[in-house]
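Asks: Take a look and give me a structure for this.
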Amino acid sequence: MSESRTPFPTDLLLVVALTLLADAAILVAGVSGTLRILIGLPLILVLPGYAMVSALYPGRIPEDGAHDRDDPKKGLRKLPGNYGMSGVERIGLSIVASLALVPFVVFVLNFVWALEATPILLGVSALTLVLAVVALVLRLLLPAERQYRPSLGMRTDSASHTGSLGSGRSKIPTIFLAVSLLLVAASAGFAATVPPQSEEFSALYYASVPTGQSAEAPGPFAAGQSAAVPIGINNEEGEDVTYTVVGELQRVEQADNGELQVVEEEELLRQEISVADGENATQNLTVEPTLTGGNLRMAFYLYKGDVPENPSADNAYRSIHRWVTVNGGGDIEPPAATSQQLSTQPVYARPS
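Replies: Numbers count the residues shown, from 1 in each chain. All right, here's what the predicted structure looks like:
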């Protein structure tokens, strides 16, 4: 018996409501932890795909199992996507479609926005809402008796489907859906049980420069007098680390082959600094140089374990340096800057 009353699109309204709820909870309320995951999972795994499948298949399976695609009285020739689909098939394809749509959104955002959680959430939400509106319009274009009617029961349009799950015609899509769902479940289980391999690194950098001093050439220093050099360490190693910082003042000369070589050096300090995981620590290191001149390189080496007998940039975990002047002797202009002299920024290279 056909129904002339237009069915209420509860499924599409639920898609819109859950999408807006996820946006409000994550972006406005700022929920985190397990609750954030539970709220966000439907938006990633089901909602965008369901909206897309609803737009592609706005119709229901007729009671007699015939699709009547060629019946001009029902207007089905104008909308090729009017072939019906059962509720189980819709859910299965929704998950598969979502796994295709979300990476597509991320791919597009990679060219127009930063790959961060907020833009991705907004992009997936916008796509889901647009597809839901399109699905609603296409569904309303169908006669009321052919519009898809969501049902909580297992009879969802499939009880009277002549192409039953056991028929040869529908075995292939049924198997495909079953395999797809198994793959999704396996992937979700793997992601939940195996922790992600985060990038582990440390950074050593000059924390700040006193007012009136150049960032490239702090100082001048005075021989035999103490001075503070602010050093910062960023720990992203996944655990608390006690570092050792070694400071040296070096007199260098440029060899015939263009390489800089150390001709005289003195150790300024050797100090341990403990930094909690994920934290930045800033500390003023006290130095008291005795070498004088204008071609002096003040270098700091960072070590996670034991410090070698002869610390250098080659055996340090991280290293930074600046060119300084130490008054107390003949003022010598520093040599012309080379590519080796410009590494004054923090080093973020990953450990091998």
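Asks: pretty sure residue 257 is in a strand, no?
Replies: No: counting by DSSP: H, G, I helix; E, B strand; the rest coil, residue 257 is not found in a strand; it is coil.
Asks: How much space separates it from residue 251?
Replies: Distance, residue 257 to residue 251, by CB to CB, to the nearest Å: 19 Å. The way it works is simple: take the backbone N, C-alpha and C, and place the C-beta from them, glycine included.
Asks: more crowded one of the two?
Replies: A side-by-side neighbour count of residue 257 and residue 251, using other CB atoms under 10 Å, places residue 251 first with 17 against 6.
Asks: element containing the more buried one?
Replies: Residue 251 is located in strand 241-254, with elements delineated by DSSP states H and E.
Asks: Point out where the stretch 101-250 of the chain drops to low pLDDT.
Replies: In the predicted model of the stretch 101-250 of the chain, residues 114, 151-199, 208-219 satisfy pLDDT under 70.
Asks: at 80 instead, please
Replies: For the stretch 101-250 of the chain, the stretches with pLDDT under 80 are 113-116, 149-200, 208-220.
Asks: Which residue ranges of it form helices?
Replies: 117-140, 168-193 (DSSP state H, counting those that start in this stretch).
Asks: Now the longest strand along the chain: buried residues?
Replies: Using DSSP state E, we find that the single longest strand of the chain is strand 260-275. Using 16 or more other CB atoms under 10 Å as the test for burial, strand 260-275 gives 265, 268, 273, 275.
Asks: May I have the beta-bridge partners of the last one?
Replies: For residue 275, the beta-bridge assignment (DSSP bridges) gives partners residue 241.
Asks: need the contact list for it.
Replies: Residue 275 sits next to 233-235, 240-243, 281 when contact means CB atoms under 8 Å, 6 or more residues apart in numbering.
Asks: Same question for the second one.
Replies: In this structure, residue 268 makes contact with 247-249, 287-289, 298, judged by CB under 8 Å, 6+ apart.
Asks: Only alpha carbons, please: show the longest strand of the chain as CSV.
Replies: Written as CSV, here are the backbone C-alpha positions of strand 260-275 (Å, rounded to 0.1, in the frame of the first residue of the first chain):
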residue,chain,number,x,y,z
LEU,A,260,87.0,27.5,9.3
GLN,A,261,89.4,25.9,11.8
VAL,A,262,89.7,26.5,15.5
VAL,A,263,93.2,27.7,16.5
GLU,A,264,92.4,28.5,20.2
GLU,A,265,89.5,27.8,22.5
GLU,A,266,88.4,27.9,26.1
GLU,A,267,85.5,26.1,27.9
LEU,A,268,83.1,28.7,29.3
LEU,A,269,80.8,26.4,31.2
ARG,A,270,79.4,22.9,31.6
GLN,A,271,75.9,22.7,33.1
GLU,A,272,73.1,20.2,33.5
ILE,A,273,69.5,21.4,32.7
SER,A,274,66.5,19.2,33.3
VAL,A,275,63.5,19.7,31.0
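Asks: Please identify the next secondary structure element, helix or strand, after it.
Replies: strand 280-287.
Asks: Now do that next one, average pLDDT.
Replies: Averaging pLDDT along strand 280-287 gives 91.
Asks: And it, what's buried?
Replies: So, applying 16+ other CB under 10 Å, buried residues of strand 280-287: 283, 285, 287.
Asks: same deal with stretch 230-239?
Replies: Counting neighbours by 16+ other CB under 10 Å, one finds that the buried residues in stretch 230-239 are 231-237.
Asks: Tell me which residues are up against that stretch.
Replies: By CB under 8 Å, 6+ apart, the residues outside stretch 230-239 that reach it are 198-209, 241, 243, 245, 273, 275-285, 300, 302, 304, 346.
Asks: which of these are buried?
Replies: By 16+ other CB under 10 Å, the contacts of stretch 230-239 give 201-206, 241, 243, 245, 273, 275, 283, 285, 300, 302 as buried.
Asks: how about residue 274, what does it touch?
Replies: Neighbour list for residue 274: 240-243, 281 [criterion: CB under 8 Å, 6+ apart].
Asks: now with 10 Å?
Replies: Counting by CB atoms under 10 Å, 6 or more residues apart in numbering, residue 274 makes contact with 233, 235, 240-243, 281.
Asks: Distance check, it against residue 200.
Replies: In this view, residue 274 and residue 200 are 17 Å apart by CB to CB.
Asks: Given the helix or strand where residue 295 lies, what are its sheet partners and their directions?
Replies: Element membership for residue 295 (DSSP H and E) is strand 293-303. Sheet pairing for strand 293-303, assigned by DSSP bridges, gives strand 241-254 (antiparallel), strand 318-327 (antiparallel).
Asks: Can you add distance to residue 141 and give those strands back as a markdown table?
Replies: Output for the strands paired with strand 293-303, formatted as a markdown table (distance: least, CB to CB, whole Å):
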| stretch | distance to residue 141 |
| --- | --- |
| strand 241-254 | 63 |
| strand 318-327 | 64 |
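Asks: Please identify the most buried of the ones you listed.
Replies: strand 318-327 (a mean of 21; mean count of other CB atoms under 10 Å).
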